[in-house]
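> Mind folding the following:
(one chain, ligands or ions: 2)
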Amino acid sequence: MTFTTARRVAVAGASGRMGRMLIEAVLASTDGVLAGALDVAASPAVGADATAFLGRSSGVPVTADLRAGLAGCDVLIDFTRPEGTLAHARACAELGVQMVIGTTGFDDAGKAALAQAAEKVAIVLAPNMSVGVNVTMKLLELAARALGDGYDIEIIEAHHRHKVDAPSGTALKMGEVIAEAQGTRLAERAVYERYGHTGERPAGAIGFATVRGGDIVGDHTVLFAGTGERVEITHRSGSRAGYAQGSLRAVRWLADKPRGLFDMFDVLGLR
Ligand SMILES: NC(=O)C1=CN([C@@H]2O[C@H](COP(=O)(O)OP(=O)(O)OC[C@H]3O[C@@H](n4cnc5c(N)ncnc54)[C@H](OP(=O)(O)O)[C@@H]3O)[C@@H](O)[C@H]2O)C=CC1
Ligand SMILES: O=C(O)C1=N[C@H](C(=O)O)C[C@H](O)C1
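Ligands and ions are numbered 1, 2, ... in the order given. You can find the predicted model right below:
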């Protein structure tokens, strides 16, 4: 992928699973420049070169000092934890640095804080940066609208043993897309847990089921269970590369945006 003009990119969570994937993707891009790398103060990576894990030197040190890490950067790509991303967003808003945020697990107050930061700088926020997942969301919109209320909806997701939030941000977004396509709100329909004598399935419920194990990168299936037939729409990620490439598309798309909160539907023209 190429940026229209070279963009100076910082990566937060530089030693994380996505952080490393993103650093590799920025280095491999022809006109993106790795200009900053952030991690928590306790991380053993702090002080080391951001590309030491690749056995090479970039001259960019990993730092926990936000001002130092963001100095001279155009955009921060952030896949960390909600509390980290919110601190980064405050710094980015103050310093005029754009953001691409893949972190999941924000509560309503966190989402509101990001919307506030987006009044100062342009931000792309999406629980899944993969092109395939976002196209799958559009298919779900179509299916939900066309199938209507005769089909019971269940969202099943599976991820690796290290994932800390559930259901995944992607599963929640799929639920929101489906609920909105049917003129409703997810909060009124979501069933996150079942145990013991649950009684019959409530009409209109959107159920969630979570699987955690091994090194599963990320699988999502939405089941529309009707009478005499089932529709299943599945996306499986086999690698994290798709998340990184989607993030770089967002970096490029943001280049001429002064401020505002956007998502991957905006980036990919899926609105
Ligand atoms: N939108 C998308 O396409 C995708 C989103 N994700 C999401 O991205 C996030 C990160 O995932 P993943 O890379 O697997 O996680 P990792 O745990 O591998 O990496 C997280 C990184 O963030 C750092 N970190 C932890 N807490 C903070 C904090 N408070 N402030 C700053 N940095 C912090 C970690 O440091 P340390 O290890 O030292 O604690 C680590 O470097 C998750 O929310 C995940 O759901 C993941 C994949 C795709
Ligand atoms: O933690 C992960 O790994 C992933 N998190 C995102 C989510 O919560 O939806 C995206 C992807 O599924 C991988």
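> Now do the same contact list for residue 125.
Contacts here follow C-beta atoms under 8 Å, 6 or more residues apart in numbering; on that basis residue 125 touches 99, 101, 114, 261-263. The C-beta positions use only the backbone N, C-alpha and C, and glycine is treated the same way.
> nope, residue 250 is what I was after
So residue 250 contacts 100, 124, 126, 129, 264, 267 (C-beta under 8 Å, 6+ apart).
> And the top helix by length along the chain, what's buried?
Identified as the longest helix of the chain according to DSSP state H is helix 131-147. Neighbour counts over helix 131-147 (16 or more other C-beta atoms under 10 Å) mark 131, 133-134, 136-137, 140-141, 143-144, 147 as buried.
> closest to residue 168 among these?
Using C-beta to C-beta, residue 133 comes nearest to residue 168 of the buried residues of helix 131-147, at 10.4 Å.
> That closest one - nearest residue in space that isn't next to it in sequence?
Nearest non-adjacent residue to residue 133, counting by C-beta to C-beta, 6 or more residues apart in numbering: residue 235, 5.3 Å away.
> just checking, that neighbour touches residue 222?
No. Shown here, residue 235 and residue 222 do not form a contact pair, counting by C-beta atoms under 8 Å, at 9.2 Å.
> Who has more neighbours out of those two?
residue 222 (26 against 22; other C-beta atoms under 10 Å).
> per-residue pLDDT, the more buried one?
Residue 222 carries a pLDDT score of 99 in this model.
> Regarding it, what is its secondary structure?
Of the three states, residue 222 takes strand under DSSP: H, G, I helix; E, B strand; the rest coil.
> Quick check: beta-bridge partners of it?
Counting by DSSP bridges, residue 222 is bridged to residue 155, residue 233.
> what sits against it?
Residue 222 is in contact with 140, 143, 153-156, 174, 178, 232-234, counting by C-beta under 8 Å, 6+ apart.
> hmm, 10 Å instead?
136-137, 139-140, 143-144, 153-157, 171, 174-175, 177-178, 206, 231-235 (C-beta atoms under 10 Å, 6 or more residues apart in numbering).
> Cheers, nothing more for now.
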